[in-house]
Each structure stands twice: as structure tokens, then as C-alpha cells.
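what follows is a predicted protein model with its sequence.
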Amino acid sequence: MGESWQIISPDLTTNDPTKQDQDNSGGLSKDNSGAENHTTLFTIAESELDENVIWVGTDDGNVQVTQDGGKTWTNTISNIKGLPAHTWCYHIELSTLDKATAYAVFDGHTANDKTPYAYKTSDFGKTWKSIIKGGVEGVVRNIQVDYENPDLLFLGTELGLYITMNGGDQWYKFTNNVPAVAIHYMTLQKQTNDLVLGTHGRGVIIIDDISPLREINEAMLQEKLHFFSSDPIIIDEVQSFSGSFGAETQFVGGNKPTSAQIKYHLKKRHTFGKMSMVILNSEGDTISEIGPGKTKGINIVNWNYNMKQPKVAKGKTFAFGGFTTPQLQAGKYVVKIKKGKDVFEQTIELIYDPKSTITLTERENKYKTVLELYNMCESLAYDVYCVDAFLDYANTLKNKKLTAKLNTLKETMVITTGDNYVGTAEPQLREKMTAIFSRIESNPGAPTSTEYENLDQIRKLYDSSRAELSKLEKKYKLLKRVELKSKEQFLKSDK
């Protein structure tokens, strides 16, 4: 490497292709008066499709291309119509889809020309066309073309970022957390679809995942609501405290979100009427309710692919294990948005991390156990609701014997003394049940043998509790007079 070098640079001494010197004098020449002129090769771009295709641009307006690795060069500047002579070629960007296509931007501010200039060629510079028809302000510093959609272009100017989805027919200024600052450099990360901006005065700005922009077209913009396509989402199973203390003094960007991102476009901002978003499983059951974005344009809603918290029995203290939200299994789920009378749906898929060492059998055993405890917590909550209703009725009747029996039963179900600010009371069935529920859900893999033993004890205590409640209902027929919600109604209610 580097044992021998070959000069492949073109003669940059003039931007007039008919007066090219052939002495490769390093950018130094004399005009007719004998004065020396200097020219600088300012930007260079090599094609990813053909290593022999190289473009260069200079600070006095040359735009040259070679198709044979530097043996011969062609200055194409005379083919660019409407560009003032000697305008600084600030950046050249090459297509990754067609080796004959290139984009060039020019900066004329040194001649007090603030006009934005951007051109495209599809034939190695034989012809060029302007791709700015209006809507852009500020001298252009950089241009970036998408790797998949050639009509999606990004323009960095002295006054901010501009985007076109139709090859330059119409440009839009991007203002979402991007200030009106000079953008001197841009690059698009293929792995993550992130657009990275190098600015003058505001450091580095990263726009996460521009892939939804690839789907925008005139037909899509007329839809009331359009879901953007989504790749399968890898379920995050890494638990860590990875916060960066003191990062406010460092150039540290946030990590990629581990939640699923639901992306959609609204034609108009939703202001009147009800709008809701829910997640449905394969059976059509609602497993999550999410607040939808209602802004005109692109909305991004994060979903942590967890179930709702189980409804937990009321007691004198909190059952902190009951705040656990179980993680869903891999599979396909439906996002359903209701907007007034209109309904919109999209299917999204969750997958396990292919690098994970947890087996499918272990996952199924864990999920089965967690689901059993989830349902058990909600059943106990309904039983306690029934006991409380019976107690209210017994107190109204002043039936002390029935009241005493119901209180004794309730004391085995939940903590009935103290509060969250006094000493901890002896844990009862609810506390034991939610504690093992939280522990099994939080740990990777299947439950341990000890956890299975504890679960078996919980089952016995719960069966005993239900048997005692059933016994009281049979013995005291008057309890049938109490009007109760059904279990389904209770679980859907706020109380």
C-alpha cells in the first residue's frame, strides 16, 4: 500500500474546457496579462458502482469527471446553464443507483450571490438541469440523495435543511428540531437510515430513520391517515442502567429506542371528536391502549409491547408487584386507530432477538406462568370487590356475625391495616401473589424450581380463599340480593 502513487488529477487551471493546459501544474496558471491564478480542488466524489468514475469540483467553478480512473478528464461546467462563471462548486454527490448520475451544488456568496444552486446530470455531465424551482433559501452547501428512492433529496443550506420527495419539483423546509443553521455536510447511514448533519455553530444533528419519507407521494398525502410500513421489531430483553451521568458536557446522542415505533401520516390535525389507538392480539382482544399522535403530518407513537397492568385487589397498602406489565410474546399484532367514524389498521410483527440464548420452550413456560398469575391477580381483585360489596350490605343490615366472617376472609386476601406511610404489615395473598408475578416476569427464561414451588403455594392459598367465599355465599342466601358487576364489567371499569 502506498509503494507507488499515480497522479490522476485533472488540469484545474481554467473553467474554460476549450483552454485546458496539459502540464498538471498543481493549479497554478497565468492569464493573458501574465498574472498568476490559483484554483483549488474543493470536493471529490468516487462512484460506489464503478471505481473508475470520479468527479471533482473546484472553488472557481470547474466540474470535471473521469470514467477511466483518471487517464482522461472532461470539464462539464459549460453544460450547466444559468450558473454564473467561476461559482464555487461546494459539493458533488453521486447516485448509488446509477453511475452516470451526479448532483452538484454551488456557492456564490463570495461574489455577493446568495442564489441557491443545485444541479443534476444523468449522463456523466453532458447535460445538467437545475433541481431548484423555488422554496429554498440560503446558499447551498451540501446535497444528499437517498439510497433507495432517487426522488428523495436533502439539501443543506446556509439557513437550514430542505427536503424534496419528487426530485426537486417542490422543496420543504425541515424544522423539527433542526434550527436555521448552516449545514455544511450530510451523510445518510445505510444501516439505520439516520441522516447526520454537520452544522456550523450547532454541532452534529442526527435525524433518526428517514425511511417514512420514502413512501410520501401525492396520492399518500391525500389519504386521511396513512400507516408507514414497518420492519419486524426485535423485542428488547436487555435490562441495564445505562444512563450517562454528566453527558450534558459531551457529544453523546441518545440510543436507538427499544420500543416499537408506530408511524403514520395525518392529512389534517385531529381537533374535534374522539381519536383512540389500541393494540389487538390475533384473537382480536385489546391488550394495550395508547394515546395517539394527532398532529398534521408525520406522527410517531412509541409502544413498549407490554400488556396492561393487571387489575389488583384493593387494600390498605400498595402491592408494588402489581405494577408489573408483562412483555408480549413474539407474533403479529394489529394497531387500530379510530378517528371519528373512520377506522385504520396496520399489522406489526414482534420477533425475538436472534442472538438470544433463551430457548423457545423456556419462553413459552415463562409466558404461560406469567399469564396464569396475571389472571389470578385479576380474579382475586374481583373476589375482593365482591367481599367489599357484601360487607357494605352486611353493615347496612347490622349483621355482626356475617360482617365478622367477611372481615376474617378479607384479612387473608389483602392487607387491611396501616397504610403506605407506616410500618409494613404482614403480607397476605395479594402481596405474595403480586411479588412472585413480578419476579418471574422480570427474570429471563423459565421460572426456577423454587419459583414453581412458591407458585404452587399461591395456588393453594387462592383456591382456599375462593372456596371460603363460595361457602359464605351458599350459607348466607341474603347475599344474592347484592347487585354486583360481572367480572368482565369490573375489569373494564375504573374502580
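That came through, no problem.

any idea of the pLDDT on Gln13?
Slight slip there: residue 13 is Thr, not Gln. We have a pLDDT of 55 for Thr13.

do Lys487 as well
Note on Lys487: pLDDT of 94.

likewise the one 5 residues further on?
Predicted confidence (pLDDT) for Lys492: 86.

and the residue nearest the centre of the chain, what are its bridge partners?
Centroid-nearest residue in the chain, with C-alpha atoms, centre = their mean: Gln261, separated by 4.6 Å. For Gln261, the beta-bridge partners are Asn302 (DSSP bridges).

does it touch Asn302 like I think?
Yes. Counting by C-beta atoms under 8 Å, Gln261 touches Asn302, with 5.9 Å between them. Every C-beta, even on glycine, is put in place using the N, C-alpha and C of the backbone.

output the below-cut-off pLDDT ranges for the stretch 201-350 of the chain.
The model of the stretch 201-350 of the chain has pLDDT under 70 over residues 238-256.

same deal with the stretch 1-150 of the chain?
Within the stretch 1-150 of the chain, the stretches with pLDDT under 70 are 1-39, 41.

now do 80
Across the stretch 1-150 of the chain, the ranges flagged by pLDDT under 80 are 1-42.

what's the neighbour count on Ser493?
10 (other C-beta atoms under 10 Å).

that one and Lys485 touch, don't they?
Yes. Counting by C-beta under 8 Å, Lys485 is a contact partner of Ser493 at 6.6 Å.

joint contacts of those two?
By C-beta atoms under 8 Å, 6 or more residues apart in numbering, Ser493 and Lys485 have no common neighbours.

can you name the residues bridging to His265?
His226, Ile298.

for Asp169, see how far away it is.
19 Å (C-beta to C-beta, to the nearest Å).

neighbour-wise, which of the two wins?
His265 (19 against 13).

show me what contacts the more buried one?
By C-beta under 8 Å, 6+ apart, the contact list for His265 reads 212, 216, 220-221, 223, 225-226, 228, 297-299.

how about Ala330?
Ala330 sits next to 235, 349-352 when contact means C-beta under 8 Å, 6+ apart.

which strands or helices does the strand or helix carrying Ile163 pack on?
Using DSSP states H and E, Ile163 sits in strand 160-164. Using 3 or more C-beta pairs under 8 Å, 6 or more residues apart in numbering; DSSP states H and E, the elements in contact with strand 160-164 are strand 153-157, strand 172-174.

my read: Lys81 touches Trp128, true?
Yes. Taking contacts as C-beta under 8 Å, Lys81 lies within contact range of Trp128: 7.2 Å.

for the stretch 251-400 of the chain, what spans make up the strands?
With strands called from DSSP state E, counting those that start in this stretch, the stretch 251-400 of the chain shows them at 260-266, 275-280, 286-290, 297-303, 331-339, 342-351.

out of those strands, deepest packed?
The highest mean neighbour count among the strands of the stretch 251-400 of the chain, using mean count of other C-beta atoms under 10 Å, belongs to strand 260-266: a mean of 20.

save the helices and strands packed on strand 160-164 as a markdown table, and put in mean neighbour count and distance to Lys480 too.
Converted to a markdown table, these look like this (neighbours: other C-beta atoms under 10 Å; distance: least, C-beta to C-beta, whole Å):
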| stretch | mean neighbour count | distance to Lys480 |
| --- | --- | --- |
| strand 153-157 | 25 | 71 |
| strand 172-174 | 16 | 66 |
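
how near is the residue nearest to the centre of the chain to Val278?
Going from Gln261 to Val278 by C-beta to C-beta gives 17 Å.

ditto for Val334
Per C-beta to C-beta, Val334 is found 9 Å from Val278.

Pro212 too?
In terms of C-beta to C-beta, Pro212 sits 22 Å off from Val278.

check Thr271 too.
Taking C-beta to C-beta as the measure, Thr271 falls 21 Å from Val278.

Thr40 too?
Using C-beta to C-beta, one obtains 60 Å as the distance from Thr40 to Val278.

likewise for Ile132?
Computed as C-beta to C-beta, the Ile132 to Val278 distance reads 44 Å.

next SSE downstream of the longest helix along the chain?
For the chain, the longest helix by residue count, based on DSSP state H, is helix 360-397. For helix 360-397, the following helix or strand on the C-terminal side (DSSP H and E) is helix 400-413.

what packs against that next one?
Contact partners of helix 400-413 among helices and strands, from 3+ C-beta pairs under 8 Å, 6+ apart: helix 360-397, helix 429-442, helix 449-475.

need the winner for burial among those helices.
helix 429-442 (a mean of 21).

contact partners of that helix?
Contacts for helix 429-442 (C-beta under 8 Å, 6+ apart): 239, 310, 312-313, 315, 319-324, 326-327, 366, 369-370, 373-374, 376-377, 380, 384, 412-415, 427, 447, 451, 454-455, 457-458, 461-462, 465.

then stretch 188-196?
By C-beta under 8 Å, 6+ apart, stretch 188-196 touches 144, 146-147, 154, 186-187, 204-211, 256.

swap in 6 Å and give it another go.
144, 147, 187, 206-211 (C-beta atoms under 6 Å, 6 or more residues apart in numbering).

only whichever of these are buried, select them in PyMOL.
Selection command for PyMOL covering only the buried members of the contacts of stretch 188-196, criterion 16 or more other C-beta atoms under 10 Å:
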select buried, resi 144+147+207+208+209+210+211
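
ok, the contacts of stretch 188-196 vs Thr403, which is closest?
Asp208 (60.0 Å; C-beta to C-beta).

which one is that closest one nearest to, not counting chain neighbours?
Closest residue in space to Asp208, ignoring its immediate chain neighbours: Asp194 at 5.4 Å, by C-beta to C-beta, 6 or more residues apart in numbering.

number of nearby residues for that neighbour?
Burial of Asp194 is recorded as 17 neighbouring residues (other C-beta under 10 Å).

now Asn407
Asn407: 13 surrounding residues under other C-beta under 10 Å.

name the nearest residue to it, ignoring sequence neighbours.
Closest to Asn407 by C-beta to C-beta, 6+ apart is Leu391, at 7.0 Å.

go on, Gly445?
Distance criterion C-beta to C-beta, 6+ apart; nearest residue to Gly445, sequence neighbours excluded, is Glu362 at 4.7 Å.

also Gln457?
Nearest non-adjacent residue to Gln457 (C-beta to C-beta, 6+ apart): Lys432, at 8.0 Å.

for the nearest residue to Gly322 once chain neighbours are set aside, give me its contacts.
Nearest residue to Gly322, sequence neighbours excluded (C-beta to C-beta, 6+ apart): Val312, at 3.5 Å. Counting by C-beta under 6 Å, 6+ apart, Val312 touches 319, 322, 377, 381.

nearest to His200, of those residues?
Checking those one by one against His200 (C-beta to C-beta), the nearest turns out to be Gly322, at 52.9 Å.

domains of this protein?
Split into domains by automatic domain parsing, the chain comes to 17-221, 233-238+257-351, 360-492.

number of residues surrounding Glu218?
Here the number of neighbours of Glu218 (other C-beta under 10 Å) works out to 9.

what's the answer for the one 10 residues further on, then?
Other residues within reach of Phe228 by the criterion other C-beta under 10 Å amount to 21.

what of Glu93?
Counted with other C-beta under 10 Å, the neighbours of Glu93 add up to 23.

that one falls within a strand, correct?
Yes. Assessed by DSSP: H, G, I helix; E, B strand; the rest coil, Glu93 belongs to a strand.
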